[in-house]
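Novice: Starting from these lines, generate the structure:
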Amino acid sequence: QVQLVESGGDSVQAGGSLKLSCAVSLYTPKTCAMAWYRQAPEKERELVSSIGNNGVTFYTDSVKGRFTISRDYLKNTLFLRMDNLKTEDTAVYYCAANAATTPSLPCRWTWGQGTQVTVSS
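Specialist: Have a look, this model is predicted:
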(Lines give C-alpha, C1' and ligand atoms only; values in the text may rest on other atoms or scores of the structure.)
Protein backbone atom coordinates (compact mmCIF):
# COMPACT_ATOMS: atom_id res chain seq x y z
CA GLN A 1 0.00 0.00 0.00
CA VAL A 2 1.25 3.45 -0.86
CA GLN A 3 2.14 5.60 2.12
CA LEU A 4 2.87 9.30 2.11
CA VAL A 5 4.99 11.07 4.69
CA GLU A 6 4.94 14.85 4.83
CA SER A 7 7.60 17.01 6.42
CA GLY A 8 8.65 20.63 6.53
CA GLY A 9 5.80 22.14 8.49
CA ASP A 10 6.81 24.78 10.99
CA SER A 11 5.90 28.05 12.66
CA VAL A 12 6.99 31.15 10.77
CA GLN A 13 6.23 34.83 10.70
CA ALA A 14 4.17 36.43 7.97
CA GLY A 15 6.27 37.03 4.90
CA GLY A 16 8.43 34.02 5.57
CA SER A 17 8.93 30.87 3.52
CA LEU A 18 8.65 27.13 3.98
CA LYS A 19 9.14 24.12 1.78
CA LEU A 20 7.00 21.07 2.38
CA SER A 21 8.06 17.63 1.24
CA CYS A 22 6.05 14.48 0.68
CA ALA A 23 7.87 11.20 0.31
CA VAL A 24 6.05 8.30 -1.32
CA SER A 25 7.05 5.09 0.44
CA LEU A 26 6.30 2.66 -2.32
CA TYR A 27 7.28 2.73 -5.94
CA THR A 28 4.22 3.61 -7.97
CA PRO A 29 4.62 2.78 -11.65
CA LYS A 30 1.40 4.64 -12.38
CA THR A 31 0.83 8.09 -10.89
CA CYS A 32 -2.08 10.07 -12.27
CA ALA A 33 -1.62 13.18 -10.16
CA MET A 34 -0.32 14.49 -6.86
CA ALA A 35 -1.64 17.34 -4.80
CA TRP A 36 -1.45 19.39 -1.64
CA TYR A 37 -4.56 20.09 0.40
CA ARG A 38 -4.92 22.08 3.58
CA GLN A 39 -7.40 22.30 6.39
CA ALA A 40 -7.62 25.27 8.72
CA PRO A 41 -9.41 25.05 12.07
CA GLU A 42 -13.18 24.88 11.64
CA LYS A 43 -12.87 24.95 7.86
CA GLU A 44 -13.25 22.33 5.18
CA ARG A 45 -10.25 20.77 3.54
CA GLU A 46 -9.36 22.63 0.37
CA LEU A 47 -7.20 21.88 -2.64
CA VAL A 48 -4.14 24.12 -2.63
CA SER A 49 -2.23 22.87 -5.63
CA SER A 50 -1.91 19.83 -7.86
CA ILE A 51 0.38 18.51 -10.55
CA GLY A 52 -0.65 16.05 -13.21
CA ASN A 53 1.40 13.32 -14.76
CA ASN A 54 1.93 15.62 -17.73
CA GLY A 55 3.31 18.33 -15.48
CA VAL A 56 0.28 20.57 -15.70
CA THR A 57 -0.19 22.46 -12.44
CA PHE A 58 -3.13 23.99 -10.65
CA TYR A 59 -3.13 26.57 -7.86
CA THR A 60 -6.04 27.89 -5.90
CA ASP A 61 -6.40 31.64 -6.35
CA SER A 62 -5.26 32.57 -2.86
CA VAL A 63 -1.79 31.05 -3.33
CA LYS A 64 -1.08 31.91 -6.96
CA GLY A 65 2.26 33.65 -7.30
CA ARG A 66 3.34 32.59 -3.81
CA PHE A 67 3.34 28.78 -3.83
CA THR A 68 5.12 26.44 -6.23
CA ILE A 69 4.45 22.73 -6.57
CA SER A 70 7.08 20.41 -7.96
CA ARG A 71 7.99 16.74 -8.16
CA ASP A 72 11.23 14.81 -8.07
CA TYR A 73 10.32 11.83 -10.23
CA LEU A 74 13.48 9.87 -9.43
CA LYS A 75 13.00 10.21 -5.66
CA ASN A 76 9.21 9.96 -5.92
CA THR A 77 8.84 13.07 -3.79
CA LEU A 78 6.41 15.96 -3.99
CA PHE A 79 7.26 19.48 -2.84
CA LEU A 80 5.41 22.67 -2.07
CA ARG A 81 7.47 25.82 -1.87
CA MET A 82 5.57 28.50 0.00
CA ASP A 83 6.77 32.10 -0.12
CA ASN A 84 5.35 35.31 1.32
CA LEU A 85 3.29 33.33 3.79
CA LYS A 86 0.21 34.95 5.27
CA THR A 87 -1.60 34.27 8.52
CA GLU A 88 -4.49 32.83 6.53
CA ASP A 89 -2.15 30.10 5.25
CA THR A 90 -2.15 28.59 8.73
CA ALA A 91 -3.46 25.04 8.40
CA VAL A 92 -2.58 21.39 8.40
CA TYR A 93 -1.20 20.58 4.97
CA TYR A 94 -1.86 17.17 3.49
CA CYS A 95 -0.13 15.46 0.63
CA ALA A 96 -2.25 13.32 -1.67
CA ALA A 97 -1.29 10.95 -4.44
CA ASN A 98 -3.55 9.52 -7.09
CA ALA A 99 -1.58 6.43 -8.00
CA ALA A 100 -1.63 2.69 -8.59
CA THR A 101 0.89 0.08 -7.55
CA THR A 102 0.54 -1.74 -10.85
CA PRO A 103 -0.13 -0.20 -14.26
CA SER A 104 -3.24 -2.28 -14.83
CA LEU A 105 -5.02 -0.93 -11.77
CA PRO A 106 -6.92 2.35 -11.71
CA CYS A 107 -5.43 5.24 -9.79
CA ARG A 108 -6.76 5.83 -6.33
CA TRP A 109 -6.17 8.62 -3.87
CA THR A 110 -3.96 8.10 -0.84
CA TRP A 111 -3.44 10.72 1.88
CA GLY A 112 -0.63 11.56 4.21
CA GLN A 113 -1.02 12.35 7.91
CA GLY A 114 -0.49 16.06 7.47
CA THR A 115 2.04 18.61 8.63
CA GLN A 116 1.22 21.76 10.58
CA VAL A 117 2.02 25.17 9.13
CA THR A 118 1.50 28.13 11.46
CA VAL A 119 2.00 31.69 10.26
CA SER A 120 2.02 34.45 12.85
CA SER A 121 1.73 38.19 12.30
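
Novice: Please give the element, helix or strand, for the residue nearest the centre of the chain.
Specialist: The residue lying closest to the centre of the chain (Cα atoms, centre = their mean) is W36, at 2.6 Å. Element membership of W36, judged by DSSP states H and E, is strand 30-39.

Novice: which residues make contact with that strand from outside it?
Specialist: 20, 22, 45-53, 69, 71, 78, 80, 89, 91-103, 105, 107, 114, 117 (Cβ atoms under 8 Å, 6 or more residues apart in numbering). Backbone N, C-alpha and C define where each C-beta goes, glycine included.

Novice: repeat for stretch 78-88
Specialist: With Cβ under 8 Å, 6+ apart, stretch 78-88 has contacts from 12, 14-22, 24, 34, 36, 40, 48-49, 51, 62-63, 66-72, 89, 93, 95, 97, 117, 119-121.

Novice: For PyMOL, write the select line for the buried members of those residues.
Specialist: To isolate the buried ones among those in PyMOL, judged by 16 or more other Cβ atoms under 10 Å, type:
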select buried, resi 12+18+20+21+22+24+34+36+48+49+51+63+67+69+71+89+93+95+97+117+119
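
Novice: rewinding a little: tell me the helix or strand right after the strand holding W36.
Specialist: The helix or strand immediately downstream of strand 30-39 is strand 46-52, counting by DSSP H and E.

Novice: Which neighbouring elements make contact with that following strand?
Specialist: Contacts defined by 3 or more Cβ pairs under 8 Å, 6 or more residues apart in numbering; DSSP states H and E place strand 46-52 against strand 30-39, strand 57-59, strand 67-72, strand 77-82.
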